[in-house]
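Visitor: sequence first, then the predicted structure:
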Amino acid sequence: MNSNQLLSSRVEREKVAHDERDVLGENRRLRSKFAHVDCYPSRVRLLAEIAKHVSNLKQKTVLDYGCGLGIDVVRYLNAGAAKVCGIDISEKYIEQAKAQCLVNGYCPDQYDLRVMDAHNLEYEANSFDYVIGRGILHHLDVKVALRSLHRVLKPGGRMLFAEPLADNPLLKLFRLLTPHARTEDERPFTRRQIADLVLPSLWESEISYCGIFEAPVSMATSILMPSKLDNWFLRAADKIEVSFNRLQILSSWNQVILFNLVKK
């Protein structure tokens, strides 16, 4: 197969995984067993960093890249966005996202939700002030996707992507033990990939991390003390993690990276 055929095959596998296997639903069911994983201190701070940028989107155009069920589409509309476009590989998710917008009182002219291959964005150049995604880039051929993203983003526009990392041995083991919550082609980011992707010639970049210690500790506390989110173990892990990430020690061993990229 040539590169285009390989990419098409990959996209088709992702579509089947989401439309037929519902890996998004399986992932959410799995995470629901570990209540602390989505709200340990450093993760809360990382999510607050995203929220800081999207709390006021008045007159801004936004692309929700991998919009899933449309929860964030509604969030961006609530923040005053002039127009929110959303794409996903799953027809089922797009239909649910449209329903989510209607239920929340938004008219179809305020949003545009489509089934689309994220590698090949069907928008004009310089269309968006913001492109935002969570856990989507690692499903893609990232270099191909970033070329398309750079094209549709306005000069000075911002991309925010929260993505999983690959290098932590404990998290790597957990992924191996939970294959049904993942797709065949997804690849969390490694240290080498991060360095290769954030090109200074194209982007002004700010990178944040969370979860090097808190992610595995939060999994344990979710089981041992599920009702105690604010516990000594997570507070201690947070203090150590802050020091490690400040010193940039084993950064790629974190659970999540936040790419905060501004187009030059």
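Guide: Done, it's in. Numbering: from 1, shown residues only.

Visitor: residues contacting L170?
Guide: A215, P216 (C-beta atoms under 8 Å, 6 or more residues apart in numbering). In short, each C-beta sits where N, CA and C put it, glycine included.

Visitor: A strand includes it, no?
Guide: No. Going by DSSP: H, G, I helix; E, B strand; the rest coil, the assignment for L170 is helix, not a strand.

Visitor: measure it to G25 for me?
Guide: 25 Å (C-beta to C-beta, to the nearest Å).

Visitor: how about stretch 212-224: buried residues?
Guide: I212, F213, E214, A215, P216, V217, S218, M219, T221, S222 (16 or more other C-beta atoms under 10 Å).

Visitor: cool, stretch 105-125 as well?
Guide: The neighbour-count check on stretch 105-125 (16+ other C-beta under 10 Å) flags Y106, Y111, L113, M116, D117, A118, H119, L121, Y123 as buried.

Visitor: any weak-confidence spans in the chain?
Guide: Scanning the chain for pLDDT under 70 picks out 1.

Visitor: now the helices for it?
Guide: For the chain, the helices defined by DSSP state H cover 3-19, 23-31, 41-54, 71-78, 91-103, 142-152, 169-177, 191-197, 214-224, 232-246.

Visitor: still on that earlier bit, keep only those of the buried residues of stretch 105-125 that are in strands.
Guide: In this view, the buried residues of stretch 105-125 that belong to strands under DSSP state E are Y111, L113.

Visitor: out of the buried residues of stretch 212-224, which comes closest to N4?
Guide: A215 (36.8 Å; C-beta to C-beta).

Visitor: tell me the contacts of the closest residue to the closest one other than its chain neighbours?
Guide: Once flanking residues are discounted, A215 sits nearest to Q255: 3.7 Å by C-beta to C-beta, 6 or more residues apart in numbering. Counting by C-beta under 8 Å, 6+ apart, Q255 touches R43, P164, L165, N168, L171, C210, G211, I212, E214, A215.

Visitor: what about 7 Å?
Guide: P164, L165, N168, L171, C210, G211, A215 (C-beta atoms under 7 Å, 6 or more residues apart in numbering).
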